[in-house]
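Peer 1: Requesting a structural model of the entry that follows:
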Amino acid sequence: MPQKTMLVSLMGFFIVGNLLTALAPTFARALTGRVFTSLTHGAFIGIGSILASELVAPNGRTSAIAFMFSGLTLANLIGTPAGTWLGQMVSWRATFLAITVIGVVAMLAVALLVPKGKRHQAPSLHHEFSAFIDVHVLLAMGITVLGPAAFFTAITYISPMMTELSGYTDHGVTGVLFLFGLGLFIGNLLGGKLADRALMPLLYVTLAGQALVLFAFFFVVESRVASALCVFLMAGFGFASVSPIQRLVMDKARAAGAPNLAASVNIGLFNLGNAIGAWLGGWVIAQGFGYAAPNWVGGILSTCALLLALASGWLTVAHLAKRKGGLAPSAG
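Peer 2: Numbering: from 1, shown residues only. Reported below is the predicted structural model:
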């Protein structure tokens, strides 16, 4: 099935799922609608990132992926507060009805405005699954899990952290969350543009930066200004690595002959990292280490992601050197 057709179909499922939630007579039905909707997420982002990267020149692929991901950052910056406000002013059903309408608009926009991607010979399932035993792909996917895990270890518990330790009121936390959303938006766009120039160095910088910010956050959490700055920088460094990581997985999977399934699964791995990070953050708090503890746990996870990125870069250089040596003409 063509990529554009798949995107339109997935948006159709997204619309149906949200409509089921909005009209659900019971909590179980509403939950069913949410699960139905969630099944479209990984596939849509994965296929969309492949299509976006194919519509531009090779030196603009990460920027194209980042531009597509900017919808996620704008959803955090604008959509989430707007949905919360609508739910408080009208009802939670109104929020999901609004999302359904937005889904219809998005589906029509994809159908009418998104150009068709390149035609590819349909890869076999054997080739698609072969990517999951390729060490280069596995290293990249490991970064996918650990990078977001570091980020969500801290941000999941940002409200109690800000109110209990930094001295913010509940109303003040709203401003901190706005800074968080702004950091996501700026980091995403800058990360995409800079990664087109130097993908791996950008990943080294963003993962190292995220680790340093999280470690610093642990020590300065009682300062209102410093903690707010850490939230902004954490969001910036964290999301500056998202589109480069997706590009890295796509490149490694493409080299292994199987870009489609790996790109979609990788979005699921982002969500797995989110879940792992949130669980680890909650675990260290439950163990009595305090609300600031998720920050140092996140710093460790980000450091581990950096080590995987360094290993991936080293293997790539070694592989290229080996190929170059094998192609060199023999003496005599």
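
Peer 1: In the stretch 51-200 of the chain, what residue spans correspond to helices?
Peer 2: 61-74, 80-89, 92-113, 125-130, 135-155, 158-161, 170-195, 199-220 (DSSP state H, counting those that start in this stretch).

Peer 1: my bad, should have said the stretch 201-332 of the chain
Peer 2: Under DSSP H, counting those that start in this stretch, the stretch 201-332 of the chain gives helices at 224-240, 242-255, 259-286, 293-327.

Peer 1: Nearest to Met200, out of the ones you listed?
Peer 2: Between Met200 and the helices of the stretch 201-332 of the chain, the tightest spacing by CB to CB is seen for helix 293-327, at 4.5 Å. Glycine gets a C-beta too; all of them are placed from N, C-alpha and C.

Peer 1: Quick check: which helices or strands does that closest one pack against?
Peer 2: Judged by 3 or more CB pairs under 8 Å, 6 or more residues apart in numbering; DSSP states H and E, the packing partners of helix 293-327 are helix 135-155, helix 199-220, helix 259-286.

Peer 1: quick one on the thing from earlier: same list, the helices of the stretch 201-332 of the chain, but as JSON lines with mean neighbour count please.
Peer 2: Shown next, in JSON lines, are those (neighbours: other CB atoms under 10 Å):
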{"stretch": "helix 224-240", "mean neighbour count": "23"}
{"stretch": "helix 242-255", "mean neighbour count": "25"}
{"stretch": "helix 259-286", "mean neighbour count": "20"}
{"stretch": "helix 293-327", "mean neighbour count": "18"}
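
Peer 1: Test my guess that Arg34 contacts Leu19.
Peer 2: No - applying CB atoms under 8 Å, one finds Arg34 not in contact with Leu19, separated by 11.9 Å.

Peer 1: between these two, which one's more packed in?
Peer 2: Leu19 (19 against 14; other CB atoms under 10 Å).

Peer 1: Which residues are in contact with that one?
Peer 2: Gly33, Phe96, Leu97, Thr100 (CB atoms under 8 Å, 6 or more residues apart in numbering).

Peer 1: now it: how far from Arg93?
Peer 2: Distance from Leu19 to Arg93, counting by CB to CB, to the nearest Å: 11 Å.

Peer 1: so where is the stretch 101-250 of the chain shaky, pLDDT-wise?
Peer 2: 117-128 (pLDDT under 70).

Peer 1: show me the contacts for Ile15.
Peer 2: Contacts of Ile15 by CB under 8 Å, 6+ apart are Thr100, Gly103, Val104, Met107.

Peer 1: go again using 10 Å as the cut-off
Peer 2: Thr37, Thr40, Ile99, Thr100, Val101, Ile102, Gly103, Val104, Ala106, Met107 (CB atoms under 10 Å, 6 or more residues apart in numbering).

Peer 1: ok, how many other residues are close to the last one?
Peer 2: What that stands for is Met107. 18.

Peer 1: I'd say it and Asn18 touch.
Peer 2: No - counting by CB atoms under 10 Å, Asn18 is not a contact partner of Met107; they are 11.8 Å apart.

Peer 1: per-residue confidence averaged over stretch 317-331?
Peer 2: In this model, stretch 317-331 has a mean pLDDT of 67.

Peer 1: Could you pull up the residues touching Ala52?
Peer 2: Per CB under 10 Å, 6+ apart, neighbours of Ala52: 60-69, 114, 117, 243.

Peer 1: hmm, try it at 8 Å
Peer 2: Arg61, Ala64, Ile65, Phe67, Met68.

Peer 1: gap between the third one and Met11?
Peer 2: Separation of Ile65 from Met11 (CB to CB): 19 Å.

Peer 1: likewise the fourth one?
Peer 2: In this view, Phe67 and Met11 are 18 Å apart by CB to CB.

Peer 1: And for the last one?
Peer 2: Met68 sits 14 Å away from Met11, taking CB to CB as the criterion.

Peer 1: do the first one as well
Peer 2: Distance from Arg61 to Met11, counting by CB to CB: 23 Å.

Peer 1: Pick out whichever of the two has more residues nearby.
Peer 2: More crowded of Arg61 and Met11, by other CB under 10 Å: Arg61, with 24 against 21.

Peer 1: surely that one meets Ser53?
Peer 2: Yes - using CB under 8 Å, Arg61 and Ser53 qualify as a contacting pair, with a distance of 4.1 Å.

Peer 1: what is in contact with those two at once?
Peer 2: Contacts common to Arg61 and Ser53, judged by CB under 8 Å, 6+ apart, are Arg247.

Peer 1: Counting neighbours, what do you get for Arg29?
Peer 2: Quick note: Arg29 (other CB under 10 Å) scores 12 neighbours.

Peer 1: can you tell me the helix or strand for it?
Peer 2: Using DSSP states H and E, Arg29 maps to helix 27-38.
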